[in-house]
Each structure stands twice: as C-alpha cells, then as structure tokens.
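**Student:** Sequence plus predicted model, see below.
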There are 2 protein chains.
Amino acid sequence: MTTLKNDRFLKALLGEPVDITPVWMMRQAGRYLPEYRATRAKAGNFLKLCKTPELATEVTIQPLERFDLDAAILFSDILTIPDAMGLGLYFSEGEGPRFERPIQNEADIKNLIVPAMDKDLGYVMDAVSMIHRELDGRVPLIGFSGSPWTLATYMVEGGSSKDFSKVKGMLYENPKAMHMLLDKVADCVIDYLNAQISNGAQAVMIFDTWGGALTTRDYKEFSLHYMEKIISRLTRENAGRKVPITIFSKGGCQWLEAQAQSGADCIGLDWTIDIGLARKRVGDKVALQGNMDPSVLYAAADRIREEVAFILDSFGKGNGHVFNLGHGIHQHVNPDNAKVLIDAVHELSKPYHT
Amino acid sequence: MTTLKNDRFLKALLGEPVDITPVWMMRQAGRYLPEYRATRAKAGNFLKLCKTPELATEVTIQPLERFDLDAAILFSDILTIPDAMGLGLYFSEGEGPRFERPIQNEADIKNLIVPAMDKDLGYVMDAVSMIHRELDGRVPLIGFSGSPWTLATYMVEGGSSKDFSKVKGMLYENPKAMHMLLDKVADCVIDYLNAQISNGAQAVMIFDTWGGALTTRDYKEFSLHYMEKIISRLTRENAGRKVPITIFSKGGCQWLEAQAQSGADCIGLDWTIDIGLARKRVGDKVALQGNMDPSVLYAAADRIREEVAFILDSFGKGNGHVFNLGHGIHQHVNPDNAKVLIDAVHELSKPYHT
C-alpha cells in the first residue's frame, strides 16, 4: 500500500483544512490534448480506447504529466453499464453514442442482464487497478458512473436526445416501468462503483448530466432518489481512508438544498450559479466542486486568472472547495490555457487557507 | 377599432382578476399540426412561410380553430432581425438556421445594417396587421422577438451551437465588442417590437432562449440588462390598453428575483421550477407564465389533466397566472393531447378564481 503524496483533494471533499485549493478538470483526459488524440488514433476508435486498460491508463495519466492536477479520474465512458446490461453500445461518426437494442417496453427492462463486474466490466476494473498502480500515490484516483436517470435517458432514447421524448414519454405514461428500470440500473451502479473502490478508486463521482431536464418533483423522484440509494450502499472506505462521494446534476442548482441532504460529501456545480451563493445555501453540510464556465478557457491568460480569482473570492475563506470547471473542458481549448487555470487556482488560493 | 371579446390573457398578465386561467402554448402554430404542415408544404420552405404575410396569418390562426386558446402569437422566426441586419439567413436541411455572413470581429459589428421596419422587416409588420384584422378581437395578438443575447449567439456562431464557443469566446475575450453588438441588436429589437405594437400586437414577449447558458454575473450584464433596455423603451399602449411585456429566459429560474425587477409585467418559467415556489419568490411584483413540461403531452389524457391540476394547485388562488408549456410544444405530439391540456386548464382553474 502506497502513501498518498497529495491528499488535498480528498481533504477538501470532506471539508478538512488544506494548504491551497485543489483543482482538477472534468474531461481532463480528452480531445483537447494532442497526446490523447495520438493514443486514440493508436486505439483505432473511442470504444477500443475505453476497453483497453493499458490505453485507458495512458490517457488518464497524460494530463498529470502536463498540469499540476490534484486528482486523476478514470478514463472511461458513462455508457459502459448499459452496454454491459446488453444494449450493444456503438459510436457512429458525427452522431455520438448509440445502442443497438434500446429499451422500448417493460419486457426489455425485465430482460436486462445483471452484469458481473469482474467479467462484463472487467476491463474497467483492470483500468482502475492499473491506473492506481501507475499513480503510485501521486494523487487520488476518482472513479465514476452516470446517474441512473442519465443512463436511462440514453437507454430509452437509444442515444443522445434533444427533447427526451421517449424517456419522458415512459416517465409520464408508465412511471412504474421507469422506476423498475432506474432501480435495476441503480443496483448495477452500486456494484460498479463498489468494484471501482475495491480496485483502487479513492473518491467517486456520480454524473447526473440530464437531471436538469426534469421538473422539481420528478428530479427528486426519478433522479435524486436513485443517487441517494447508491450513496447509501457504497463502500465508504479504501485503505483506511474515507471515500468521498460527489454528485453533479447539471442544470440542477435550484435543488442544492435537496442534494445536500442526499448523503453525498460534495455537490458539483455547473457554471450558472454564483458559488458564494451556493455556499450560503448549503452551509458546511457538504463541500462544493466547481464552477468556472469552460468557455472562459477561450480567453487570454489574464481573463482566465481574473475569473479564477472571482470564483475563489466568491467561495471565500475556509474549507470545502474543490476547484473545477462547471462542465467538461471543450475539445477546441488550447491546453496552455488549462495550465493557466490550474496554476492560477494554486497560486491565488493561498490567502483563503491561512 | 374592434373590441376584444376575450381579454383574460391581458388581464392575467397585469395581475387583474379573471374568470378562469388563460392558456396558450409556445409554438402553438407549428409542425405538430397537420394543417400547418400542409401550409408549409404550399409555401415550399420555412423562410418563405415566414416571409409571406398571407401564409403567416393562415398558420397563426390555425390553432385557434382547433383549440379554445386565449391568445394568438405572430408566426415568425426569431432570426428575422439578424437577417435584416445583413447576415443572410438560410435554412439547411437537418442543420437548422444558418447565416451566410456571421459576425467574426468588431468590423462586422460596425458594418451591421440598421433595418427599416417598414421595408426590411415590412413582411413581419404586414403579417401582424393582417393577423390582427383576421382575429377581429377574438383574442389578443402577441408580438415577439428574441433577446439580444439569444440573437447574438446565432449571429456569432453562424447558427445553432452546443457549447457557444465563438460567442462566449467573444464575450470573455472582448466584452467591449460583445456589448457593442448587443446594444445594436437591442436598438433593433426596440424598433421591431414597437412596430409590431403599432401594427396591432397587444402584448409582447422576449424569448431569451440561451440566457441560461450564462453565469449569474454574465446573465445580468449581457442578457437581462439589454432586455431591461428594451422594456424601458417600448410603447406600452395599444388602442387605449396597456401592452404587457413577458420575458422568458429558459434555464434562468435561479434569477427570478432579478427578472422581476426588470420592468416586465410577466416572467415566463421553464418546467424545471415549481410554480408555487416561483410565486413565493416574486410575490405579486409580476405575473407568471408556465410551466408544464411539454413532454407531458406524450402521456394519456388522465396524466395530462393530473399535471394541469398539480400546476394550478401549486400556483394557488388569485391573479397573475397565464398557463403555458415550459417550452415550445414538440413536433411529435398528438394535437388531441394539446386540446386535453387547454380544456383542462379552463375547466380545472375555475375554483382558483372565485
């Protein structure tokens, strides 16, 4: 067992004191990096990259070689679970992810496979172990999953969607079936994240990318409820340290108070909310992760530093802030600008931790 | 001058007592109606439909023949203004709206044409007059425009966008240029809405479809500010009656308090917020318009009525509610379900107005 050399990310998630504000970026291993594009080209396609542990490890580590990041995040796709449940994931050029056999009715839900983590999703667990070994305690490794609701949107729509007509149709017309689906998916997510933790993930994050497409009532009933179920059943310890959980409902900042009651240690914020106001709303009940608009990275260095300073100042003094973007880093951002962001967070956050 | 036979929409917008809650639907004249598709086919293409006053009138009236609606809304496109400013609007199959000459720099902004309402946008004004005449006081006619920020996103991106990289790049990198653009567009919107009012529009609505993509600070500085400028310079009277103004920032319900200070009479709500909570937040400062999830219309009649009842109950007794969807009606909805919604609002709202 190796000692963690940089644990300020884990400490901040648990509201403990740190020297400077930790920072990582959603999609930090991604297409904006030329070295990522090279590895992906070597893999042949995106799915092959996800399913080859050596290559997933390679791209997970890449941003750490460039930037002074405080965490690594498993490189994978949120749709590995529906794929392992039997839906047949594929990627078509320009169309994004698609399923060969989307969920169309209750019979399809009943026929879903319960995947074995060490077999059907063994490639993810192998990647987690390999990355953990490769990191050798440099920074903590974040495991992740999509939320049941977010996964269900892809499973029912058959891919990405603009208006969620099919999945919302099922939700409104046959809520019983929707709950059956969400419950099955939640059980898989529990197994999936617990297996990631036992293979070396030191923190986990649940991405609820499409929670913000729901009404207030439906968000609580169809999305948050299942994240709470997951949280209540995760292994909360890894090698003697608590494994913090972050949930992130994009477009969900009006429900912060409810999210803070979920049992999660940290709430991810998109960029639309003022983080100082968010902190006032949740108090010290949870840590907050975020929340710079990823588009600020299209601006020059001075403007990026100005925005970092604004967010640090808005959060203010004290514990419980993990700096991040409010959404994944964009494909066309210059990597040098990501470096400006990361260095600015470390440099400018010192006065807030004295 | 004809007398308005049904004015409960105008009354509700101004917080005055009504017998039952008025209702209309965003995009009520649209692709979900077979008669609309027939007229569009007759026109040849979407732009021709917008630019031919007789046909725009025809599709504006169509939903009123089917449903017991309390308002008509001008059939047009939000991109008529950038088109008239010289950007060259066209529609490419599957890609949506595009501009031949998008804004790329300050010189492009300086070169924008200031359109003459009676000439460059005469076809819109002709449609407004013709619809007003055709309605003959049956229900009020709503005029509308996109907000300056929303129009600017299309003008800089050259069309629809997923991540707004170009327009946000300009906003963060060159805010001075962005303000110059927004100010020019706001001046056009003022002329445009005033001309609609003088041609017969009895209420106006500003659609800020992409306001919710901004940070809290930027929403106020780059979107709300320009809607306030417009509101402060609109003609507020038509044929002796006040012309109420509604603003609608999709994804913007966290900024309701600021919107309520804008001078608008009514705030449009998307479906994510509980309308009762929204009412508590704004008090009787403004009316509220909304906010059923358009996807509820994929469900059966009973479920639609249940959702209408829930929203009416959440708003509660008293004045200042215009029922609507939280976004435009979807293309694949069965028109019979729209009828269920509209009739349910009228039938179930009586007890809230005694």
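**Tutor:** Received the coordinates, thanks.

**Student:** What residues does residue A:27 make contact with?
**Tutor:** A:328-329 (CB atoms under 8 Å, 6 or more residues apart in numbering or on different chains). (Each C-beta comes from the backbone N, C-alpha and C, glycine too.)

**Student:** what's the spacing between it and chain B?
**Tutor:** 12 Å (CB to the nearest CB, to the nearest Å).

**Student:** do you know how far that residue is from residue A:342?
**Tutor:** According to CB to CB, to the nearest Å, residue A:27 and residue A:342 sit 14 Å apart.

**Student:** again with residue A:136
**Tutor:** 21 Å.

**Student:** Comparing the two, which residue is more hemmed in?
**Tutor:** For the pair residue A:136 and residue A:342, the greater number of neighbours falls to residue A:342 (22 against 10), based on other CB atoms under 10 Å in any protein chain shown.

**Student:** helix or strand for the more buried one, which one?
**Tutor:** helix A:335-349 (DSSP states H and E).

**Student:** Pretty sure residue A:36 sits against residue A:43.
**Tutor:** No: Residue A:36 is not in contact with residue A:43 according to CB atoms under 8 Å; the separation is 10.4 Å.

**Student:** Name the residues of chain A found near chain B, please.
**Tutor:** A:163-165, A:168-169, A:171-173, A:212-219, A:251, A:253-254, A:271-274, A:277, A:293-296, A:298-300, A:303, A:307, A:310, A:330, A:332 (CB under 8 Å from any CB of the partner chain).

**Student:** Can you list the residue ranges for helices in the stretch 251-354 of chain A?
**Tutor:** A:256-260, A:275-282, A:301-315, A:335-349 (DSSP state H, counting those that start in this stretch).

**Student:** Dump the ones you listed to CSV, plus mean pLDDT.
**Tutor:** Supplementary listing: these in CSV, determined by pLDDT from 0 to 100:
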stretch, mean pLDDT
helix A:256-260, 98
helix A:275-282, 98
helix A:301-315, 98
helix A:335-349, 98
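
**Student:** in chain A, what spans have low per-residue confidence?
**Tutor:** Within chain A, the stretches with pLDDT under 70 are A:1.

**Student:** where along it do the strands fall?
**Tutor:** With DSSP state E as the criterion, chain A has strands at A:72-73, A:89-92, A:96-99, A:141-146, A:203-208, A:237-238, A:241-242, A:245-249, A:266-268, A:287-292, A:321-325.

**Student:** Redo the ones you listed as TSV? Include mean neighbour count.
**Tutor:** Listed next are the strands of chain A as TSV, based on neighbours: other CB atoms under 10 Å in any protein chain shown:
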stretch	mean neighbour count
strand A:72-73	24
strand A:89-92	15
strand A:96-99	18
strand A:141-146	24
strand A:203-208	26
strand A:237-238	16
strand A:241-242	14
strand A:245-249	26
strand A:266-268	26
strand A:287-292	26
strand A:321-325	28
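
**Student:** For the ones you listed, give me CSV that also has distance to residue B:64.
**Tutor:** Formatted as CSV, the strands of chain A follow (distance: least, CB to CB, whole Å):
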stretch, distance to residue B:64
strand A:72-73, 54
strand A:89-92, 42
strand A:96-99, 40
strand A:141-146, 44
strand A:203-208, 40
strand A:237-238, 63
strand A:241-242, 62
strand A:245-249, 39
strand A:266-268, 45
strand A:287-292, 45
strand A:321-325, 47
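
**Student:** Identify the residues contacting the closest residue to residue A:78 other than its chain neighbours.
**Tutor:** Spatial nearest neighbour of residue A:78, excluding adjacent residues (CB to CB, 6 or more residues apart in numbering or on different chains): residue A:146 at 3.5 Å. Residues in contact with residue A:146 (CB under 8 Å, 6+ apart) are A:78-79, A:81, A:189, A:206-209.

**Student:** Now with 7 Å, please.
**Tutor:** Residues near residue A:146 by CB atoms under 7 Å, 6 or more residues apart in numbering or on different chains: A:78, A:207, A:209.

**Student:** next one: residue A:333
**Tutor:** A:32, A:297-298.

**Student:** What separation do you get for the closest residue to residue A:144 other than its chain neighbours and chain B?
**Tutor:** Spatial nearest neighbour of residue A:144, chain neighbours left out: residue A:205 (4.6 Å); criterion: CB to CB, 6+ apart. Per CB to the nearest CB, residue A:205 is found 21 Å from chain B.

**Student:** for chain A, which helix is longest?
**Tutor:** Longest helix in chain A, counting residues (DSSP state H): helix A:175-198.

**Student:** first vs last residue of stretch A:27-39, how far apart are they?
**Tutor:** In stretch A:27-39, first residue to last residue: 15 Å (CA to CA, to the nearest Å).

**Student:** still on that earlier bit, output the helices of the stretch 251-354 of chain A as a markdown table; include the columns distance to residue B:225.
**Tutor:** Listed next are the helices of the stretch 251-354 of chain A as a markdown table, based on distance: least, CB to CB, whole Å:
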| stretch | distance to residue B:225 |
| --- | --- |
| helix A:256-260 | 26 |
| helix A:275-282 | 19 |
| helix A:301-315 | 18 |
| helix A:335-349 | 27 |
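
**Student:** out of those, nearest to residue B:47?
**Tutor:** helix A:301-315 (37.9 Å; CB to CB).

**Student:** What is that closest one packed up against?
**Tutor:** Contact partners of helix A:301-315 among helices and strands, from 3 or more CB pairs under 7 Å, 6 or more residues apart in numbering or on different chains; DSSP states H and E: helix A:275-282, strand A:287-292, helix A:335-349.

**Student:** Need the winner for burial among these.
**Tutor:** Mean neighbour count (mean count of other CB atoms under 10 Å in any protein chain shown) peaks for strand A:287-292 among those, with a mean of 26.

**Student:** Could you tell me which strands sit next to that strand in the sheet, and their orientation?
**Tutor:** strand A:266-268 (parallel), strand A:321-325 (parallel) (DSSP bridges).

**Student:** just how off-centre is the last one within its chain?
**Tutor:** Its chain's average C-alpha position is 12 Å from that of strand A:321-325, according to CA atoms, centre = their mean, to the nearest Å.

**Student:** Using PDB, write down the CA coordinates of that strand.
**Tutor:** Taking Å, rounded to 0.1, in the frame of the first residue of the first chain, the C-alpha atoms of strand A:321-325 are listed here in PDB:
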ATOM      1  CA  HIS A 321     -13.900  23.900  -2.100                       C
ATOM      2  CA  VAL A 322     -12.600  21.700  -5.000                       C
ATOM      3  CA  PHE A 323     -12.000  23.900  -8.000                       C
ATOM      4  CA  ASN A 324     -13.200  22.600 -11.300                       C
ATOM      5  CA  LEU A 325     -14.900  23.700 -14.500                       C
END
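
**Student:** Quick one: residues in contact with that strand.
**Tutor:** A:9, A:12-13, A:21-26, A:266, A:287-292, A:294, A:315, A:345.

**Student:** how about a cut-off of 6 Å?
**Tutor:** By CB atoms under 6 Å, 6 or more residues apart in numbering or on different chains, the residues outside strand A:321-325 that reach it are A:12, A:21-23, A:25-26, A:288-290, A:292, A:294, A:315, A:345.

**Student:** For residue A:308, the count of nearby residues, please.
**Tutor:** 25.

**Student:** Quick check: nearest residue in space to it, chain neighbours excluded?
**Tutor:** residue A:344 (4.2 Å).

**Student:** is it true that that neighbour touches residue A:309?
**Tutor:** No: between residue A:344 and residue A:309 there is no contact under CB atoms under 6 Å: 7.5 Å.
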